[in-house]
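**Q** one predicted model, sequence on top.
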Amino acid sequence: MKTTDTIKQIATLKKIRRLARLLDTAIGIPGTKFRIGLDPILGLIPGGGDLITAAFSLYLLFLATRFGLPGEKINKMLWNIGLEALVGTVPLFGDIFDAYFKSNIRNLEILESHLHQVNPELEELAKTEVASTASLK
């Protein structure tokens, strides 16, 4: 039986995954296996694009802290966000860097690794939730 907290954690994890993928890997480049997201596209907006994407990334980090991440993992995630935001401000090179670095996917991997260590059954429940949702459609 799933508790209310577990259901909330599954919903939060799914939200983080969706947004991370939207920002970093939502769009496939035809003829290649390379994918980009909204992050490098929004980064093209002069003056504010990188701030907007950094704000989204910080929101994802805020959601991830609900899973009890240790400080060292939070710091690594902050480093990923800060590096991408800083380098992203360099015209053209920053946008190319954003497309390759994918800080949100890196941070998602850190979160999923943490969850696999401390709460492996949450991942299994999330998969079951996805399967049961798909069967209802």
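**A** Right, received. Where do you want to start? The structure presented is a predicted model; accordingly, all values stated were derived computationally and were not measured. Residues are numbered from 1 along each chain as shown.
**Q** what is the neighbour count of residue 71?
**A** The local packing of residue 71 (other Cβ atoms under 10 Å) involves 7 other residues. C-beta coordinates here come from the backbone N, C-alpha and C atoms, glycine included.
**Q** go on, the one 5 residues further on?
**A** Applying other Cβ under 10 Å, we find 15 residues neighbouring residue 76.
**Q** any idea which element it lies in?
**A** Counting by DSSP states H and E, the element that carries residue 76 is helix 71-88.
**Q** what's the single longest helix in the protein?
**A** helix 4-24 (DSSP state H).
**Q** in that helix, which residues are buried?
**A** Buried residues in helix 4-24, counted by 16 or more other Cβ atoms under 10 Å: 6, 9, 10, 13, 16, 17, 19, 20, 21, 23, 24.
**Q** can you tell me what sits against the next helix or strand after it?
**A** Sequence order places strand 27-28 as the next helix or strand after helix 4-24, per DSSP H and E. For strand 27-28, contacts defined as Cβ atoms under 8 Å, 6 or more residues apart in numbering pick out 34, 35, 36, 37.
**Q** ok, of these, which come out buried?
**A** If we count by 16+ other Cβ under 10 Å, the contacts of strand 27-28 have these buried: 36, 37.
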